[in-house]
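**Q** Build me a structure from this.
(one chain, ligands or ions: 1)
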Amino acid sequence: MQTIPPRLVVRNLQSPRSGPHAFQLERGECVAIRGRSGSGKSVLLRLIADLDPSNGGTVELDGQPREQFSGPQWRRRVIYQSAEPAWWAPTVGDHFDAAQRLRIATMVEALGLPQTSLDAEVLRLSTGERQRLALLRSLARDPAVLLLDEPTAALDSESTQAYEDLLHGQCTQGLAILWVTHSDEQAHRVAARSLVVDGGRVSAS
Ligand SMILES: Nc1ncnc2c1ncn2[C@@H]1O[C@H](COP(=O)(O)OP(=O)(O)OP(=O)(O)O)[C@@H](O)[C@H]1O
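**A** Here you go, the predicted model:
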């Protein structure tokens, strides 16, 4: 019988400012990342997403080493979403093609957003609206792993709940998530286990 490899395996991954890190995520698993401000949580996520160069170690997605992907291919499958995601075109809709828009059509209202928000000008949106639309932009690309950096920091409790519920549903379909949060309550709601970053090193809590 063929065994299914873990969704993400991080082995001895390091850069001059971070690591070495070693842990893995199963398919459908959400793991909370905790740690004090400045401890290196964002640096860790950026390293996994190949947004910053590593100088040792490996990352595997579904059993395939990162070296077998081009940079853009990897970053489509392993998406990093910063606390204040960047937008590169004037309207939200400019960031989706037709298939991607179809894919997230039912998720817009699930997040408490009007369908018209997809055609809004990015500059006219609130921080919380932009955070939720950034999640839709990420999910529209059908990632295998989402690396979320304090994604609900600007949301009220009802919107946060909707955000968590939507991602819980995505995890049941195989999405794996690393979720940076400063909230103990949120960590317990969304994840069965946590990793703690301290002084640039990750360990089980
Ligand atoms: N591009 C960079 N060049 C140099 N130092 C950096 C860079 N990015 C981050 N750092 C430093 O690395 C350390 C860890 O930063 P990081 O953003 O990962 O912290 P964090 O744990 O995510 O903090 P917070 O909870 O406040 O967001 C900090 O001291 C930060 O100043």
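**Q** that's a helix at residue 171, yeah?
**A** Yes. Applying DSSP: H, G, I helix; E, B strand; the rest coil, one finds residue 171 inside a helix.
**Q** Helices of this structure, start to end?
**A** 41-48, 71-77, 98-110, 127-140, 157-172, 184-190 (DSSP state H).
**Q** For the ligand, find the nearest of the ones you listed.
**A** helix 41-48 (3.4 Å; Cβ to the nearest ligand atom). For the C-beta atoms, the positions are set from N, CA and C on the backbone; glycine is no exception.
**Q** Report the distance from the closest one to the chain centre.
**A** 11 Å (Cα atoms, centre = their mean, to the nearest Å).
**Q** Likewise for stretch 146-164?
**A** Relative to its chain's centre, stretch 146-164 lies at 11 Å (Cα atoms, centre = their mean).
**Q** Next, the buried residues of it.
**A** Neighbour-count burial for stretch 146-164 flags 146-155, 159-160, 162-164 (criterion: 16 or more other Cβ atoms under 10 Å).
**Q** Stretch 196-205 now?
**A** Buried residues in stretch 196-205, counting neighbours by 16+ other Cβ under 10 Å, are found at 196, 197, 200, 201, 202.
**Q** what separates the second one from residue 203, distance-wise?
**A** Taking Cβ to Cβ, to the nearest Å as the measure, residue 197 falls 8 Å from residue 203.
**Q** Near the ligand, which residues of this protein? Just list them.
**A** Residues of the chain lying near the ligand by Cβ under 6 Å from any ligand atom: 17, 35, 37, 38, 39, 40, 41, 42, 43.
**Q** Let me see the contact set for the residue nearest to residue 179 when sequence neighbours are not counted.
**A** Spatial nearest neighbour of residue 179, chain neighbours left out: residue 148 (4.9 Å); criterion: Cβ to Cβ, 6 or more residues apart in numbering. By Cβ atoms under 8 Å, 6 or more residues apart in numbering, the contact list for residue 148 reads 81, 177, 178, 179, 180.
**Q** is it possible to export those to a markdown table including pLDDT and neighbour count?
**A** Compiled in a markdown table, the contacts of residue 148 are given as follows (pLDDT from 0 to 100; neighbours: other Cβ atoms under 10 Å):
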| residue | pLDDT | neighbour count |
| --- | --- | --- |
| 81 | 96 | 21 |
| 177 | 98 | 24 |
| 178 | 98 | 27 |
| 179 | 98 | 24 |
| 180 | 98 | 24 |
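**Q** Please flag which of those sit within strands.
**A** 81, 177, 178, 179, 180 (DSSP state E).
**Q** outside of stretch 71-90, which residues touch it?
**A** By Cβ under 8 Å, 6+ apart, stretch 71-90 touches 8, 42, 45-46, 48-51, 59, 61, 66, 69, 95, 121-123, 127, 130-131, 134-135, 137-138, 141, 143-151, 153.
**Q** hey, which helix or strand in this structure has the poorest pLDDT?
**A** The weakest-scoring helix or strand in the chain, judged by mean pLDDT, DSSP states H and E, is strand 201-204 (a mean of 90).
**Q** List the strands paired with that one, with their directions.
**A** Strand pairing for strand 201-204, determined by DSSP bridges: strand 193-198 (antiparallel).
**Q** quick one: the partner strand to helix 41-48, angle?
**A** 110 degrees (axes from the mean of the first three to the mean of the last three Cα atoms, to 10 degrees).
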